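Peer 1: With the sequence up front, the predicted model follows.
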Amino acid sequence: MEAFSVFKDLAIIIVFAKLFGILARKCKAPQVVGEIFAGLLIGPSMLGIVGQTDFLTEMAEIGVVLIMFLAGLETNLKDLLKTGPKAFLIACAGVIVPLVCGTLFYMFYYGFAPFGDDKFYRALFIGTIMTATSVSITVQTLREMGYLKGLIGTTIMGAAIIDDVIGIIVLTFVIGFKNPESKPITVIISTVLFFIFALVVGFIVYKIFIIVEKRYPHNRRIPILGLALCFSFAFVAEKYFGIADITGAYLAGVILSSTYNSKYIAEKMDISAYMLFGPIFFASIGLKTSINGIDASIMLFTAGFVVVALLSKIIGCGVMARICKFKGWKAVMIGTGMMTRGEVALIVAQKGLAVGLLSPVYFTCVIFLILISSVLTPIVLKLIYPKVIDTE
């Protein structure tokens, strides 16, 4: 393939991804769903005008690292601490229940397997995908209803942030266990050591950034240093600790989230992520998604996958909210607010594909989950809202 043909591929991906992203948004669906469908349309499964190449794979990897870095930058540690133990318990339930339900669902469908078997890890990974939460749709809906800054809105936001952190830790463990050379105790030790490393080095880096910010306020070199930190943590995580690079990138963002220029760094990073790397990542998912292998069995699995993923979040988070003294419909509202899925679910699925835990055909399940949860969540929240008002 000619070296310059990559420019043609990039131009096609960017145009189609943005066009379908806009169409998805007009249809009240997440923009990323449109970008994924764009990749599916132009990819080998349909039109075949763009193929998956090593260059696009590497660009997509940069894209996912930047997305997770941005997610870390947007993590508000102060709000996280304010929500207290209630949000933490709700988040834990919102991870454990879908993880267990997803694993059992896969095993019921394809057969049970013992710990250590490849089928067991595939089942566990299906559960891991279900743990992810994306509350961007929920936030907008709660804002329209005037509930975002209330106790319910704050609890959902805090639980969602903690949920993502726990979900990334679960992903790290599952990928570590999949490696045949890894032992459970080795994976645990490596993960703990990396988080200790991130805590110590992160504190030093945070202090350095505070000094740099005072000397060069709102200077463009600060986002450059932030980007260098993101890539450095991603490299160190994979190379020396055997941890997913996205975990390192996310923690790099968390480290800088409390700095004075965190929003400025995020704005600069968002330009690259929004214009180039993000569309390439989401379109690449469509390029890698195979619809040729979809049959009645896969469609039935997809339907079950979506139902289990939605109900397990509502039940897990809702029951725990009830235990935490949120009465009646308020608990249901919290459970419903936590059931949306988005970018994190896609990132987890992409990682599973990279390490051989997920087949391309199962990306269909994740896409349907994101689409259906994004459409249902605001509708259900608005139906529940009058009932919550009546009980106050």
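Peer 2: Received the coordinates, thanks. These figures come from a predicted structure and were not determined experimentally.
Peer 1: what's the pLDDT at the residue nearest to G253 when sequence neighbours are not counted?
Peer 2: Distance criterion Cβ to Cβ, 6 or more residues apart in numbering; nearest residue to G253, sequence neighbours excluded, is G72 at 2.1 Å. Yep, even glycine has a C-beta here, placed from its N, CA and C like the rest. Looking at G72, its pLDDT stands at 79.
Peer 1: Work out for me the element G72 sits within.
Peer 2: Counting by DSSP states H and E, the secondary-structure element that holds G72 is helix 54-73.
Peer 1: Go ahead and measure how far that helix is from the middle of the chain.
Peer 2: If you compare the mean C-alpha spot of helix 54-73 with that of the full chain, they lie 12 Å apart, counting by Cα atoms, centre = their mean, to the nearest Å.
Peer 1: in that helix, what counts as buried?
Peer 2: Within helix 54-73, the residues that qualify as buried are 56, 59-73, counting by 16 or more other Cβ atoms under 10 Å.
Peer 1: Can you pull out the low-pLDDT segments for the stretch 251-392 of the chain?
Peer 2: In the predicted model of the stretch 251-392 of the chain, residues 289-293, 343, 389-392 satisfy pLDDT under 70.
Peer 1: cool, and the stretch 101-250 of the chain?
Peer 2: Checking the stretch 101-250 of the chain against pLDDT under 70 turns up 116, 135-150, 161, 178-184, 187.
Peer 1: all helices for the stretch 51-200 of the chain, in order.
Peer 2: 54-73, 77-110, 118-131, 136-145, 151-178, 184-215 (DSSP state H, counting those that start in this stretch).
Peer 1: Tabulate those helices (a markdown table), appending distance to F305.
Peer 2: Shown next, in a markdown table, are the helices of the stretch 51-200 of the chain (distance: least, Cβ to Cβ, whole Å):
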| stretch | distance to F305 |
| --- | --- |
| helix 54-73 | 22 |
| helix 77-110 | 7 |
| helix 118-131 | 7 |
| helix 136-145 | 19 |
| helix 151-178 | 17 |
| helix 184-215 | 26 |
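Peer 1: closest to W329 out of these?
Peer 2: Comparing those by their distance to W329 (Cβ to Cβ), the top pick is helix 151-178, with 10.2 Å.
Peer 1: who does that closest one touch, helix- and strand-wise?
Peer 2: When contacts are defined as 3 or more Cβ pairs under 8 Å, 6 or more residues apart in numbering; DSSP states H and E, helix 151-178 packs onto helix 77-110, helix 118-131, helix 136-145, helix 184-215, helix 245-256, helix 328-337, helix 343-354.
Peer 1: Out of the ones you listed, which is the most enclosed?
Peer 2: For the helices and strands packed on helix 151-178, the stretch with the most neighbours on average is helix 245-256, a mean of 27; neighbours defined as mean count of other Cβ atoms under 10 Å.
Peer 1: I'd say F177 and Y121 touch.
Peer 2: Yes - here F177 reaches Y121: they are 6.7 Å apart, a contact under Cβ atoms under 8 Å.
Peer 1: related to what we said a few turns ago, can you tell me which of the helices of the stretch 51-200 of the chain is nearest to R341?
Peer 2: Distances from R341 to each of the helices of the stretch 51-200 of the chain were compared using Cβ to Cβ; the minimum, 8.2 Å, belongs to helix 118-131.
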